[in-house]
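S.K.: Below is the structure, and that's it, no one-letter string:
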């Protein structure tokens with residue numbers, strides 16, 4: 001298996017930074033609100049909410065904070081105005097970038113995303129201009145330090161649960177699933193007592209691009225930093241090999 005471990009490392013770095021400044025809780029809070037609005041407050045009957053709760057727990061969000069978010073969203077469904085929007089574009093040297101946002105003001109978000117691309121000498125493209133370079137997959141990451149299972153036993157467990165692939169990285173195990181099977185595999189792993197660092201649908205680059213020009217690297221990093229600082233931005237995917 002190739003490619004996704006690099007993505008995971010990039011994502012982990014982002015999430016650790018987000019967690020340090022509290023942004024990840026804001027992101028998840030919005031996702032809870034939208035999930036409750038779309039499918040109700042019971043995670044047993046709301047796949048999307050169950051997935052967001054799993055993500056919240058993997059990011060150490062307190063249970064009472066999760067419950068408060070669900071109750072608030074359930075009592076305020078008529079006023080939840082957030083909607084998902086995706087932007088695609090190019091960074092320096094044609095680096096492909098996908099931005100997922102959850103916003104209550106698409107004009108504001110679009111302007112901020114466009115500004116981030118422009119300041120990094122890139123540009124926002126049309127829908128579909130780079131997404132064909134990525135594969136949508138369910139990705140479950142297990143911290144080796146938190147998991148006592150033997151790697152072979154773990155692999156058999158997740159493959160029996162319906163996972164497509166399993167790999168061992170330096171400090172983690174990574175499980176790939178079909179996007180539609182993610183929740184089934186996650187539930188099976190949870191019942192087996194397997195601790196999960198994260199479990200979500202993501203975009204994995206088919207190929208990675210290396211940048212050798214220092215100016216291009218600085219410009220791309222500027223774009224990524226600006227996007228990650230934006231409260232409306234939920235996730236940023238790219239095919240840059242750092």
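M.R.: Yes, it's here. Predicted model, so just to flag it, every value in this text is computed and none were measured.
S.K.: what's the domain layout of this structure?
M.R.: The record assigns the chain these domain ranges, following automatic domain parsing: 4-79, 83-132+207-238, 134-205.
S.K.: okay, the ones you listed in JSON lines with mean neighbour count and mean pLDDT next?
M.R.: In this view, the C-beta of every residue, glycine as well, is placed from N, C-alpha and C. Shown next, in JSON lines, are these (neighbours: other CB atoms under 10 Å; pLDDT from 0 to 100):
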{"stretch": "domain 4-79", "mean neighbour count": "17", "mean pLDDT": "78"}
{"stretch": "domain 83-132+207-238", "mean neighbour count": "17", "mean pLDDT": "95"}
{"stretch": "domain 134-205", "mean neighbour count": "17", "mean pLDDT": "91"}
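S.K.: Could you report the separation of residue 211 from residue 156?
M.R.: Distance of residue 211 to residue 156, given as CB to CB, to the nearest Å: 39 Å.
S.K.: So what are the sheet partners of the longest strand along the chain and their directions?
M.R.: Identified as the longest strand of the chain according to DSSP state E is strand 134-143. Sheet pairing here is set by DSSP bridges, and for strand 134-143 it gives strand 172-177 (antiparallel), strand 198-205 (antiparallel).
S.K.: residue ranges for the strands of this protein, please.
M.R.: Under DSSP E, the chain gives strands at 83-90, 96-103, 123-124, 134-143, 165-168, 172-177, 198-205, 233-238.
S.K.: Quick one, which of the ones you listed gets closest to residue 45.
M.R.: Nearest of these to residue 45, taken as CB to CB: strand 198-205 at 19.0 Å.
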